[in-house]
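Colleague: just the structure for this:
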Amino acid sequence: MNSPAPRGGWLAERAPVWRGLSAVAGRLRRRQDSVQSAVKVLDGYRSLARDLATARRLPGAAAMARGLESLYATYHAAITRPPRNLRAQALGLLRDEVPAIMRRLRPTLAWVVLLFVGTAFAGGWLIATYPALIGLTASEQMIDHVERGELWTDGLLNVTPSSVLSIDILSNNIVVSVITFCAGIFYGLGTVYMIALNGFLLGSVFAFTHQYGLDGRLLRFVMAHGPVELSVICIAGAAGVALGDSLVRPDRATRRESFEHRSRELAKLLAVCALLLVGCGLIEGYVSPDPRVPMPVRVVIGLGYWLFMLALLSGRLFRLRRP
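Modeller: Model (predicted):
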């Protein structure tokens, strides 16, 4: 077996190469590598393996070997890391993963919508039959406005700028959706309560404003943002029920594994729904309280945004022709 080269000459020969490899390693950490540099990385990886083996055999070269081991570990991590293409991952999420999750949620979503609509009718019937009970679902300020023939939404733009109003609304909508989803941890019962409560409140408010002839104005206010906003709340409810179902009927070895798997899967859907709620917040801040926007325009915006939501969640918006 050949003896290793003398330490001094070998070190002088290889030190410039290691400095160059260290510079390449810095670019690897920033992921600023091209195809040409990737080829150099592979060559450098192999040469580092040889140099490290040599340094380990040299007497008194323990510090040098540790430095080469650190550099070798950096190259090894860069070569073995999975490819990351954010654009392709986002496209795959919107085109494949989210539509697949929505297909699995369809049965749950159907009865969640029925629950929401049913409780809305129940709330409307209760307030229409017993108007004095409106204090259970509406604040005193809302009641005072309606009794004066006004909506509590009148003059919002005179009090709060549209930009601030939009941020406040979209953050509130996202919080409500997240709470509706997270309430599913109580075996789905918390989510069922949230959906029923929101439906009951909506029905009771419309019944109360109808008694004062203001239901048309309320419908005018919610027409542009309401379809998507209510749909997202129902989707969050279906996701929360599915989360609770993973605890009631685990599809993994343990309830914990089932819950973790389902929560990771549904979190992708909720992220897309949060983006939709951002759009709702912008519409509710700039369009809904503006009295200059006519009803036909509000209908077009509300229906158009709702169709956009359907295309997005079904994957049709990003579905490309594949070979």
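Colleague: and the helices in the protein?
Modeller: Ranges of helices within the chain are 7-29, 35-57, 62-80, 86-92, 98-129, 140-147, 156-159, 162-182, 189-211, 215-222, 226-248, 255-286, 295-314, based on DSSP state H.
Colleague: buried deepest among the ones you listed, which one?
Modeller: Mean neighbour count (mean count of other CB atoms under 10 Å) peaks for helix 226-248 among those, with a mean of 24. C-betas here are computed from N, CA, C, even on glycine.
Colleague: helices and strands around it, which ones?
Modeller: helix 98-129, helix 162-182, helix 189-211, helix 255-286, helix 295-314 (3 or more CB pairs under 8 Å, 6 or more residues apart in numbering; DSSP states H and E).
Colleague: quick one: average pLDDT of it?
Modeller: When pLDDT is averaged along helix 226-248, the result is 95.
Colleague: pull it out as CSV, backbone CA atoms only.
Modeller: Coordinates of each C-alpha in helix 226-248 appear next as CSV, following Å, rounded to 0.1, in the frame of the first residue of the first chain:
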residue,chain,number,x,y,z
GLY,A,226,-70.9,37.4,1.6
PRO,A,227,-71.0,34.4,-0.8
VAL,A,228,-67.3,33.6,-0.5
GLU,A,229,-67.1,34.6,3.2
LEU,A,230,-70.0,32.3,4.2
SER,A,231,-68.7,29.5,1.9
VAL,A,232,-65.3,29.7,3.5
ILE,A,233,-66.8,29.5,7.0
CYS,A,234,-68.7,26.3,5.9
ILE,A,235,-65.5,24.8,4.4
ALA,A,236,-63.6,25.6,7.7
GLY,A,237,-66.5,23.9,9.5
ALA,A,238,-66.3,20.8,7.3
ALA,A,239,-62.5,20.7,7.9
GLY,A,240,-63.1,21.0,11.7
VAL,A,241,-65.6,18.1,11.6
ALA,A,242,-63.1,16.0,9.6
LEU,A,243,-60.4,16.8,12.2
GLY,A,244,-62.8,15.6,15.0
ASP,A,245,-63.5,12.5,12.9
SER,A,246,-59.8,11.6,12.9
LEU,A,247,-60.1,11.3,16.7
VAL,A,248,-63.4,9.4,16.7
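Colleague: ok, back up a step: quick one: which of the helices and strands packed on helix 226-248 is nearest L151?
Modeller: Nearest of the helices and strands packed on helix 226-248 to L151, taken as CB to CB: helix 189-211 at 7.4 Å.
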